[in-house]
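K.L.:
A structural model of the following input is requested.
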Amino acid sequence: MKIQELIGKKITNIYSILKMEVGGLDSGECFIELDNSMIIDLPNKNQTELTFKSIHPSAKSIFTDLTIFRCIMLMRIKEP
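P.N.:
Model (predicted):
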């Protein structure tokens, strides 16, 4: 899939893994879920194609509860 094909897709969740080492190098990995169906890697400036990946079992959603965000979006849609 080309990066231009992201237009019209909706980010439905973001997952991450953080590894912290005392006195060492901290690292992290991010998983972006689109349309509740596919997971992509963050594209860099030189990429033209998306990289698909699987969610690591220890990855956690960065959102505790997405319900509030959905309610806010619905309220914005109903506003004149």
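K.L.:
what residues are up against the closest residue to residue 47 other than its chain neighbours?
P.N.:
The shortest distance from residue 47 to any non-neighbouring residue, by Cβ to Cβ, 6 or more residues apart in numbering, is to residue 3 (6.7 Å). From N, CA and C alone the C-beta is placed, and that goes for glycine too. Residues near residue 3 by Cβ atoms under 8 Å, 6 or more residues apart in numbering: 43, 47, 48, 49, 50.
K.L.:
again, only this time at 10 Å
P.N.:
For residue 3, the contact set (Cβ atoms under 10 Å, 6 or more residues apart in numbering) comprises 40, 43, 47, 48, 49, 50.
K.L.:
my guess is the fifth one contacts residue 6, does it?
P.N.:
No. Assessed by Cβ atoms under 10 Å, residue 49 is found out of contact with residue 6, at 11.4 Å.
K.L.:
which residues do the two both contact?
P.N.:
Residues within reach of residue 49 and of residue 6 at once, by Cβ under 10 Å, 6+ apart, are residue 43.
K.L.:
In terms of neighbours, single out the busier of the two.
P.N.:
Taking neighbours as other Cβ atoms under 10 Å, residue 49 and residue 6 compare with residue 6 leading, 15 against 10.
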